[in-house]
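Colleague: Sequence first, predicted coordinates after that:
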Amino acid sequence: MRISTTSCLCPFLVCLCFIQRCYGVSHHVPAKVPSKNQTKLANGETEVHHRPKRGWIWNQFFVLEEHMGPDAQYVGKLHSNSDKGDGSVRYILSGEGAGTIFLIDEVTGDIHATKSLDRERKTHYVLHAQALDRNTEEALEPKSEFIIKVQDINDNAPKFPDGPFVATVPEMSEVGTSVLQVTATDADDPTYGNSARIVYSILQGQPYFSVDPKTGIIRTALANMDREAREHYTVVIQAKDMAGQVGGLSGSTTINITLTDVNDNPPKFPQKNYQLYVPESAQVGKPVGKIKANDEDLGINADIKYSIINSEGANMFSISTDRDTREGIMTLKKPLNYERKKTYTLHIEGVNTHMDPRFSYLGSFKDTATLKITVGDVDEAPVFSMDYYIMDVYENAPSGTEVGAVMARDPDSRNSPVRYFLDSKEEEVRYFRIDESSGVIRTTQPLDREDMPWHNITVMASEVDNPSLLCHVPVTVQVLDVNDNPPEIATDEEVIVCESSRPGQVIQTVTAVDKDDFANGQRFSFALPSQLPVNPNFTLKDNEDSTASIIARRRRFNHLIQELYELPIVVWDSGEPSLSSTSTLTLRVCPCQRHGRIRMCQGEAFLSSAGLSTGALIAILLCIVILLAIVVLFITLRRSKKEPLIISEEDIRENVVTYDDEGGGEEDTEAFDIIALRNPAAAEELKFRRDVRPEARQHCAPPRSCRSPSVELDEADVHEFIKQRLVEADMDTTVPPYDSLQTYAYEGQGSPTGSISPLDSPGTQSEQDYNYLDDWGPKFQQLAELYGEAESDVTT
């Protein structure tokens, strides 16, 4: 807040100026007087004056901030004792704000402030003063430093830099409980006057809260404030400077205070009596109902634990708390039966789990309610008298034998008749059937204990009036054993008899097996058949422990004379009735080592008959292995033979056509066309002879009208001919991928006969006249006669 007029400050300024004029000498800043009458000039030299001592004379300067008058504000006056008042001294001012904010009268030394100053921006200004001789511009006084202080006025209101504020305090707090401390700041000078002396007061929020005027601490002013009655409060705090006096500036802030919850309210059921209907078909362990007590508190202070406090209800029902809804969930512990008990009375208690001892004087934090449960009658399925049944029947019993009976009844008061039947999904083969009315189970065919000793079936029952209501019970049928299986000798292997066996020596001990169970046939007896004559070689001894020993009756056995013996043995059990069987054992005679160990048996007879010893057998095997190694080596060498890089059907260096077929000679026209050998140019026009230029290979009829080949060769340029063939070889893509040598030759010049090669001759019979051969001289006379005879034969 700024003061818009200076009228209220005029008396104060007049008094201040009067005090400064009267007591200025005592408040002057000490003058800086040069020693020995020396004066430091502007150029740095020192001038010695033989005149009285002099120095600066000025007051300590102050300037009020926020000056709003039309005229410049007077600050103070500079004066030197060398100034006689004749205007010969000129005053100069420099430093902060000199010439802009502060102006000085060069003659009188009066300083004025031309602008309004703000102490909060800058508290003081440092300036330099100098007195010069107006005529000589010599320094009469050295340059001295002085300070102009900006005097504070109350132009800034207190502020709360951190507001607005949010605070919490527990409900039911005692009076004087600290809530929050607020602090205001004032930009005015705290060392000058009361401009920055702040006092706090509450503008809104009474009578619930109060504030300390000096510290700004907000406290509760009302006891037992209840959050459930009112939760939020808005408090406005004012900060005023000038110690709260009239005319001081003020600022305010808002504090939003919330009462936090404490456990000061017990749970309460909305009503004391409840009713619940539960059908008797309700499943055990499933919820059957809900109950809830209300608690006005929040969070953990509102957590409730439910319990059933009477034994009648606790035995049949249980209750748990839903954490989200805080409801009590009723669960069935045992099956309900309408016919036995139709109603249940439950006393339910709800207790807070987090107690606050400070509020124990309010009473117990729990509540109770009564819940009456009515059991509803439901048409139930039949109930068997037992949870499971175990029955037994003897094996081989005739079809229709009674195994046992099951019983079920209707638990309802009507007691409807029950129909029985077997589960059709269990067995593919039906061994049992049940009577629909009586529940008697009978066999459908004889049973075999050795095939299946136990049978598991499921019997189902339904009401005749309501077939959809079904119940089932497992029934286990045990098949009891009868002695219907004779015993048998346990081993099927041959019995080995050593050649060196002595009379009375035990050859082997045999046992028997029986498919029947322990009650029948586990005691076996052994003997030789009584209807057979006495065996001269072996006898049998019953050891009376369900085993028997085969004993030799003579001294030596020889496998070369007789290798195999057969010994029939009769074994019978002790069952009712007793059953027996006869088993024949095969005894093989073999040479044995000492202590009865077998040396060899089957293999020796073969080797002995062949007359081969062990060494001979090893030699034969070694020869076979060597032969096999030689064969493998021969095959490996043949496979490792290198094949040529390319197999060409045509030698590229010679104009020769090769083939591998071995045909029937020239008469075999099917294997190869002989025309290709006589005239390759006729078979493939793109292949040329490399010893003859293409232009020279012309066939003329008659030949005498053609030019001589020797003449054409004379005209040919051999160099161009070879060059052309080289170009053809470079452009040919069918050549092998390695360097090759190609030779070219021609029949030399001067031959009057030209080429006599038969390859250029037609492959068929020609009508050419060979009489011109007579003109070639005596060397060709024989050739002329041969062709002449051939021509005459053809003509004939």
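Modeller: Sure, I can see it.
Colleague: bridging residues for Arg219?
Modeller: Applying DSSP bridges to Arg219 gives these bridge partners: Ser178, Ser210.
Colleague: just checking, it touches Thr177?
Modeller: Yes. With contact defined as Cβ atoms under 8 Å, Arg219 counts as touching Thr177 (6.2 Å). (C-beta placed from N, C-alpha, C; glycine too.)
Colleague: which of the two has more neighbours?
Modeller: Arg219 (18 against 15; other Cβ atoms under 10 Å).
Colleague: Show the contacting residues for the more buried one.
Modeller: 175-179, 209-212 (Cβ atoms under 8 Å, 6 or more residues apart in numbering).
Colleague: try 6 Å
Modeller: Contacts of Arg219 were listed using Cβ atoms under 6 Å, 6 or more residues apart in numbering, and they are 176, 178, 210.
Colleague: got CSV for those, with neighbour count too?
Modeller: As requested, these are exported to CSV (neighbours: other Cβ atoms under 10 Å):
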residue, neighbour count
Gly176, 10
Ser178, 13
Ser210, 20
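Colleague: Looking at these, spot the one nearest Leu587.
Modeller: Relative to Leu587, the closest of the contacts of Arg219 is Ser178; by Cβ to Cβ it sits at 114.5 Å.
Colleague: Thr168 versus that closest one, what's the distance?
Modeller: To Thr168, Ser178 is 12 Å away according to Cβ to Cβ, to the nearest Å.
Colleague: same question, Lys115
Modeller: 50 Å.
Colleague: if we can go back for a sec, export the contacts of Arg219 as CSV, with columns for pLDDT.
Modeller: Converted to CSV, the contacts of Arg219 look like this (pLDDT from 0 to 100):
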residue, pLDDT
Gly176, 92
Ser178, 94
Ser210, 94
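Colleague: What's the local residue count around the residue nearest to Ile217 when sequence neighbours are not counted?
Modeller: In space, and not counting its chain neighbours, Ile217 is closest to Gln181: 4.6 Å by Cβ to Cβ, 6 or more residues apart in numbering. Residues lying near Gln181 (other Cβ under 10 Å) number 15.
Colleague: quick one: pLDDT of Gln181?
Modeller: In this model, Gln181 is scored at 93, pLDDT.
Colleague: ok, it touching Lys214?
Modeller: No. Gln181 is beyond contact range of Lys214, at 11.2 Å (criterion: Cβ atoms under 6 Å).
Colleague: I'd like to know which of the contacts of Arg219 is nearest to Asn485.
Modeller: Ser178 (100.4 Å).
Colleague: In CSV, list the C-alpha atoms belonging to the host helix or strand of Tyr274.
Modeller: Element membership for Tyr274 (DSSP states H and E) is strand 273-279. C-alpha atoms of strand 273-279 as CSV (Å, rounded to 0.1, in the frame of the first residue of the first chain):
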residue,chain,number,x,y,z
ASN,A,273,-34.7,-59.9,14.3
TYR,A,274,-34.2,-61.4,10.8
GLN,A,275,-35.8,-64.3,9.0
LEU,A,276,-34.3,-66.5,6.3
TYR,A,277,-35.7,-69.4,4.2
VAL,A,278,-33.3,-72.2,3.2
PRO,A,279,-34.5,-75.3,1.2
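Colleague: what's downstream of that strand, the next helix or strand?
Modeller: strand 287-291.
Colleague: Identify all contacting residues around the helix or strand immediately after that following strand in the chain.
Modeller: Per DSSP H and E, the first helix or strand lying C-terminal to strand 287-291 is strand 304-308. Outside strand 304-308, the residues that touch it by Cβ under 6 Å, 6+ apart are 267, 293, 314, 319, 321, 326, 328, 346, 348-351, 353.
Colleague: can we see that at 8 Å?
Modeller: 267, 291, 293, 295, 314, 317-321, 326, 328, 346-353.
Colleague: same deal with stretch 176-186?
Modeller: By Cβ under 8 Å, 6+ apart, stretch 176-186 touches 156-163, 165, 167, 169-170, 195-196, 198, 200, 209, 211, 215-220, 237, 239, 241, 251, 253, 255, 257.
Colleague: please redo it, this time with the cut-off set to 7 Å
Modeller: Applying Cβ atoms under 7 Å, 6 or more residues apart in numbering, the contact partners of stretch 176-186 are 156, 158-161, 165, 167, 169, 196, 198, 209, 215-220, 237, 239, 241, 251, 253, 255, 257.
Colleague: Touching, Lys290 and Thr325? I think so.
Modeller: No. Using Cβ atoms under 7 Å as the test, Lys290 is too far from Thr325 to be in contact (8.4 Å).
Colleague: Determine the longest strand present in the protein.
Modeller: strand 139-151 (DSSP state E).
Colleague: Grab the CA positions of it and hand them over as CSV.
Modeller: Taking Å, rounded to 0.1, in the frame of the first residue of the first chain, the C-alpha atoms of strand 139-151 are listed here in CSV:
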residue,chain,number,x,y,z
ALA,A,139,40.1,20.2,-6.7
LEU,A,140,39.4,22.0,-3.5
GLU,A,141,38.3,18.8,-1.8
PRO,A,142,39.3,15.3,-2.6
LYS,A,143,36.7,12.9,-4.0
SER,A,144,34.8,11.3,-1.1
GLU,A,145,32.2,8.5,-0.9
PHE,A,146,28.9,8.7,0.9
ILE,A,147,25.7,6.7,1.1
ILE,A,148,22.1,7.6,0.6
LYS,A,149,19.8,5.2,2.4
VAL,A,150,16.2,4.6,1.3
GLN,A,151,14.0,5.0,4.3
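Colleague: Can you name the element that comes right after it?
Modeller: strand 165-170.
Colleague: partners of that next one, with directions?
Modeller: Going by DSSP bridges, the partners of strand 165-170 are strand 250-260 (parallel).
Colleague: what's in contact with the strand it pairs with?
Modeller: Contacts for strand 250-260 (Cβ under 7 Å, 6+ apart): 157-160, 163-171, 179-180, 182, 184, 203, 209, 218, 225, 227, 231-240.
Colleague: Need the buried ones from these selected in ChimeraX.
Modeller: Filtering the contacts of strand 250-260 down to the buried ones (16 or more other Cβ atoms under 10 Å) takes a single ChimeraX command:
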select :157,158,160,165,167,169,171,179,180,182,184,209,218,225,227,233,235,237,238,239,240
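Colleague: I'd like the distance between His559 and Arg502.
Modeller: 17 Å.
Colleague: between those two, who's got more neighbours?
Modeller: His559 (18 against 10).
Colleague: can you count the residues close to Leu622?
Modeller: Neighbours of Leu622 using other Cβ under 10 Å come to 10.
Colleague: So for it, what pLDDT did the model give?
Modeller: pLDDT, Leu622: 91.
Colleague: next one: Arg358
Modeller: In this model, Arg358 carries a pLDDT of 82.
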